[in-house]
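**Q** dropping a prediction and its sequence here:
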Amino acid sequence: MTETLAPLAARPRSGAPKVSFVSLGCPKALVDSERIVTHLRSEGYELTRGHAGADVVVVNTCGFLDSAKAESLDAIGKAMAENGRVVVTGCMGAEPGDITERFPDLLAITGPQAYESVVAAVHAAIPPAHDPHLDLVPPQGIRLTPRHYAYLKISEGCNNRCTFCIIPHLRGDLVSRPAGEVLREAEKLVKAGVKEILVISQDTSAYGQDLRYAASPFKDREVRAKFVDLARELGEMGAWVRLHYVYPYPHVDEVIDLMAAGKILPYLDIPLQHAAAPVLRAMRRPASQEKTLERFAAWRRAVPDLAIRSSFIVGFPGETEADFQVLLDWLSEAKLDRVGAFRYEAVRGAVANDLPGAVPEAIKDERWHRLMAHQQGIAARIQKARIGRRLPVLIDEVGVGTARGRTKWDAPEIDGKVHVRTNWPLRVGEIVTVKIEATDAYDLVGTAVG
Ligand code: SF4
């Protein structure tokens, strides 16, 4: 969906046209941004660091929570103040009313995944430099993440209808990319130096359902659009492969075998949201957390080093103190390595807003603090057991005599870090062995030993 708001007069220019790009929101939005930037770079556009020197600013917004919307509106306001020629895209663009009310002079607004519309709006604002010999784009595209890791989006949209979520409304039902296409992109990333591939989507374990798991060509073979087949092929590429947004369905057992064989990372990011059956039912999520515990136990028997990450919502409408206690008890049993918690926020358009039993903000806050403190004790015990181990660590940042990196159990940005002391210079993207000497609930500290 595109909405053009102001008549566009293309700006005269000297040299390459310049775009300033702001990318907000989740890794999925980041992948959208990378596609847009890759396209613009292929046409000779330059990226600027600040808005002031740009011919046009593109803001990729996030509209999932009200706090994310506020951040998006701030970013648009900054772009308008510093530049004044602004194209808005992303989740908030799907319902442009809030934006146009505050910023009637935007050049254009497009919805999520509307790559062509964003590019067309940029063309209208400042035409591309025409140079048929222009070849500014490396084959793997332009990535906004550091060179040694990259997100790989395998599908768009979602067939679930969780009552707190408007993503299916914003992004539509599940649309999976053919396996061959995903694998070719992954191959290019690895050839370009990527050491870690982070597989993302709204619901990774549902991958391929919409395609009826149809096979597509990759190299000399046909690969089915099935979660396990895709993971198996990715596991042969020589990079770390990390799976995000997986649901604990029975067929996930098959990727556990790949983890046991060391083909993909022993890591699963499973957004469970709650543990109490009445809350899960109100959320319209599968309500069988006992089964989930059994499944976790079986997975850990097969892969003792498996790290499970999850996220939870506290203060969902109707959540009682007893429900919340069920969640704490469940966490004590589940012993998750990493937990993210969110206070329930009413998202405009979400079905959950009309549910009875709104939880007062003060109680949400109190429960959030209790959950975090509870989980901190669990995570600290897990971390402590890692002292003395020699672990492979992927280096993210380097300093003099120090570096920061991550173990196989830690995804960038959301999980912990390893603070590394070293007697020799390390390189970003290198995997080194680190002896772990100290820890807290989140991070590890150690010395590079090889
Ligand atoms: S699984 Fe639920 S929370 Fe996740 S995108 Fe789909 S509807 Fe939203």
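**A** It's in.
**Q** now do the strands in the stretch 301-450 of the chain.
**A** Using DSSP state E, counting those that start in this stretch, the strands assigned to the stretch 301-450 of the chain run over residues 307-314, 338-343, 390-398, 402-406, 418-421, 431-439, 444-448.
**Q** what residues does the first one touch?
**A** Think strand 307-314. Strand 307-314 is contacted from outside by 164, 266-275, 283, 296, 299, 324, 327, 334, 336-344, 364, 367-368, 371, 408-411, 414-415, using CB atoms under 8 Å, 6 or more residues apart in numbering. All C-beta spots, glycine's among them, are computed from the backbone N, C-alpha and C.
**Q** re earlier: make JSON lines out of the strands of the stretch 301-450 of the chain and add mean pLDDT, mean neighbour count and distance to residue 51.
**A** What follows is the strands of the stretch 301-450 of the chain, written out as JSON lines (pLDDT from 0 to 100; neighbours: other CB atoms under 10 Å; distance: least, CB to CB, whole Å):
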{"stretch": "strand 307-314", "mean pLDDT": "96", "mean neighbour count": "22", "distance to residue 51": "33"}
{"stretch": "strand 338-343", "mean pLDDT": "93", "mean neighbour count": "18", "distance to residue 51": "31"}
{"stretch": "strand 390-398", "mean pLDDT": "96", "mean neighbour count": "18", "distance to residue 51": "27"}
{"stretch": "strand 402-406", "mean pLDDT": "96", "mean neighbour count": "21", "distance to residue 51": "30"}
{"stretch": "strand 418-421", "mean pLDDT": "96", "mean neighbour count": "20", "distance to residue 51": "35"}
{"stretch": "strand 431-439", "mean pLDDT": "97", "mean neighbour count": "17", "distance to residue 51": "38"}
{"stretch": "strand 444-448", "mean pLDDT": "97", "mean neighbour count": "20", "distance to residue 51": "39"}
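**Q** nearest to the ligand, out of the ones you listed?
**A** Across the strands of the stretch 301-450 of the chain, the ligand has its closest neighbour in strand 307-314 (9.8 Å, CB to the nearest ligand atom).
**Q** quick one: distance of that closest one to the chain centre.
**A** For strand 307-314, the separation from the chain centroid amounts to 14 Å (computed by CA atoms, centre = their mean, to the nearest Å).
**Q** cool, and stretch 192-211?
**A** 10 Å.
**Q** buried ones in it?
**A** 194-211 (16 or more other CB atoms under 10 Å).
**Q** over to stretch 38-52?
**A** Within stretch 38-52, judged by 16+ other CB under 10 Å, the buried ones are 38-41, 43-46, 48, 51.
**Q** returning to that earlier point: in helices, which of the contacts of strand 307-314 appear?
**A** 283, 296, 299, 324, 327, 334, 364, 367-368, 371 (DSSP state H).
**Q** tell me which two in the residues you listed are the farthest apart.
**A** Spatially, the most separated pair among the ones in helices among the contacts of strand 307-314 is 299 and 364, at 31.6 Å (CB to CB).
**Q** low pLDDT regions in this protein?
**A** The model of the chain has pLDDT under 70 over residues 1-14, 113, 130-140, 287.
**Q** domain assignment for it?
**A** With domains defined by automatic domain parsing, the chain comprises 2-125, 149-384, 390-448.
**Q** need the ones you listed in TSV with distance to the ligand, can you?
**A** Listed next are the domains of the chain as TSV, based on distance: least, CB to the nearest ligand atom, whole Å:
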stretch	distance to the ligand
domain 2-125	9
domain 149-384	3
domain 390-448	16
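**Q** these: which one's closest to residue 141?
**A** Closest among these, using CB to CB: domain 2-125, at 3.9 Å.
**Q** pretty sure residue 31 sits against residue 151.
**A** Yes - here residue 31 lies in contact with residue 151, judged by CB atoms under 8 Å, at a distance of 5.3 Å.
**Q** all the strands of the stretch 1-150 of the chain, residue numbers only.
**A** 2-4, 18-23, 46-47, 56-61, 86-90, 108-110, 149-153.
**Q** quick one: distance of the fourth one to the chain centre.
**A** What that stands for is strand 56-61. Its chain's average C-alpha position is 19 Å from that of strand 56-61, according to CA atoms, centre = their mean.
**Q** what's the span of stretch 340-354, first residue to last?
**A** 25 Å (CA to CA, to the nearest Å).
**Q** outside of that stretch, which residues touch it?
**A** 64-67, 95, 161, 163-166, 169, 282-284, 309-317, 319, 359, 361, 364-365, 367-368, 371-372, 375, 414.
**Q** what subset of those is buried?
**A** Counted by 16+ other CB under 10 Å, those give 64-65, 95, 163-166, 282-283, 309-317, 319, 359, 364, 367-368, 371, 375 as buried.
**Q** then stretch 413-422 to PDB, C-alphas only?
**A** Only the C-alpha atoms of stretch 413-422 are listed here, as PDB (Å, rounded to 0.1, in the frame of the first residue of the first chain):
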ATOM      1  CA  GLU A 413      21.800  -8.000  20.700                       C
ATOM      2  CA  ILE A 414      19.400 -10.100  22.800                       C
ATOM      3  CA  ASP A 415      21.600 -12.500  24.700                       C
ATOM      4  CA  GLY A 416      24.800 -12.300  26.800                       C
ATOM      5  CA  LYS A 417      28.400 -11.600  25.800                       C
ATOM      6  CA  VAL A 418      31.800 -13.000  26.600                       C
ATOM      7  CA  HIS A 419      34.400 -10.400  27.800                       C
ATOM      8  CA  VAL A 420      37.700 -11.800  26.600                       C
ATOM      9  CA  ARG A 421      41.200 -11.000  27.800                       C
ATOM     10  CA  THR A 422      43.800 -11.800  25.100                       C
END
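**Q** quick thing: my sequence starts at 255, can you match it?
**A** Got it, first residue is 255 now, which makes that one stretch 667-676.
**Q** which residues touch that stretch?
**A** By CB under 8 Å, 6+ apart, stretch 667-676 touches 563, 592, 594, 637, 645, 647, 649-650, 655-661, 663-664, 680, 686, 688, 690, 696-702.
**Q** ok, residue 376 touching residue 312?
**A** Yes - using CB under 8 Å, residue 376 is in contact with residue 312, at 6.7 Å.
**Q** quick one: common contacting residues for the two?
**A** Joint contacts of residue 376 and residue 312 (CB under 8 Å, 6+ apart) are 273, 341.
**Q** any idea how far residue 369 is from residue 375?
**A** 11 Å (CB to CB, to the nearest Å).
**Q** ignore what I typed, I meant residue 622.
**A** From residue 622 over to residue 375 (counting by CB to CB), the distance is 40 Å.
**Q** next: residue 539.
**A** For residue 539 relative to residue 375 (CB to CB), the value is 38 Å.
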